[in-house]
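*Asks:* pasted the sequence and its predicted model underneath.
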Amino acid sequence: SSRIDLTGGVVRLTGTDQTDDDDSSSGFGGKTSSEGVQWDGGRSSLRLDGTTTNRGLDSDWTPAYPHLVDYWKFDGTVGSIASGTAVPATIGNSGTAANVTTLSYVSGFLGQSLSFSVNHDDVKIPMSAPAAGAYSVSFWIKLNSFFSSISAPISATSGGVFKWEIYFTNTYMGGGQSGEYEIALASVGSVTSSSSSPGTFDPSNLGAWHHVVVTHDSATSPTTHFYLDGSQLSNDLNGVDGDFPTIDTLWIGGVRGDGNTCCSSSGQIDEVGIWNGVLSPSAVQTIYQ
């Protein structure tokens, strides 16, 4: 009787509510919220949420998701993070707050993000199976300032010794000229540095969120590609050694993993993902969009 209406000798299906405006099972199951959409009461319709971005690296859309081996959303309760506090991973190993002075969760690009200060504030993450000859690293970052000539918000060590980093610099390819910063990759090996073109990340990029992707494939030339806000940058060095070496710890935050204050950063970082394998330009664009 709840599905069939008999009126005037005519049997018809009963109309059902097509508007989920009451959060009840008569609508779409009583869900009180849905990521990426919002209820527009003025138009009595559900529309894409244009004011906030809620979506992370989900399995239903993320390129090469089965090869996403590490993923940290940095979503937590807004406020200070005490030293030794666990920082959970969505995929891979969780980390621990280390070298803490002002490490905290703050409003980020998606949900919350990790906020860190110069010379302090890291998440220390054990890495048992790092990517090797082919890998991709993606993250959103908002740097507040450049520290000296190098800022390295992501680095790696083995036995406390520096082995690998993604950094922003004006020392190598930019010739130390003010404003000519670039995104770079370094690995302790036969060749130590690979960099995007000078001026691709400069002071005008400070204080705003930007999407950065670095891909590396030791079997190709050029081995390393850099992306800023979905666009592939040119490479100044080809065939460099940017492989993940044997490492035991990944560090994300304000000071390089070996404690060297040459490479400190101040700012926020969000949505850090590492893939085994190289993301294509179209895949990077999909993630950025």
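*Replies:* That came through, no problem. Numbers count the residues shown, from 1 in each chain.

*Asks:* count the neighbours of Ser187 for me.
*Replies:* Ser187 is flanked by 23 other residues according to other CB atoms under 10 Å. The way it works is simple: take the backbone N, C-alpha and C, and place the C-beta from them, glycine included.

*Asks:* any idea how far Gly277 is from it?
*Replies:* Relative to Gly277, Ser187 is positioned 18 Å away (criterion: CB to CB, to the nearest Å).

*Asks:* same check, this time on Glu180
*Replies:* 32 Å.

*Asks:* same question for Tyr227.
*Replies:* 15 Å.

*Asks:* the two: who's more crowded?
*Replies:* Neighbour tally, Tyr227 and Gly277, criterion other CB under 10 Å: the higher count belongs to Tyr227, 23 against 18.

*Asks:* report the contact partners of the more buried one.
*Replies:* By CB atoms under 8 Å, 6 or more residues apart in numbering, the contact list for Tyr227 reads His211, Val212, Val213, Val214, Thr215, Leu233, Pro281, Val284, Tyr288.

*Asks:* what about Lys142, how many neighbours?
*Replies:* Using other CB under 10 Å, Lys142 is surrounded by 18 other residues.

*Asks:* residues in contact with it?
*Replies:* Counting by CB under 8 Å, 6+ apart, Lys142 touches Phe109, Ser113, Gly207, Ala208, Trp209, His210, Gly267, Gln268, Ile269.

*Asks:* could you tell me which of these count as buried?
*Replies:* For the contacts of Lys142, a burial check counting by 16 or more other CB atoms under 10 Å picks out Phe109, Ser113, Trp209, His210, Gly267, Gln268, Ile269.

*Asks:* just the strands from the stretch 51-200 of the chain, written as ranges.
*Replies:* Per DSSP state E, counting those that start in this stretch, the stretch 51-200 of the chain carries strands over the ranges 68-72, 79-80, 86-87, 95-98, 104-107, 112-116, 122-126, 134-146, 150-158, 161-169, 182-187, 193-195.

*Asks:* thanks again, I'm all set now.
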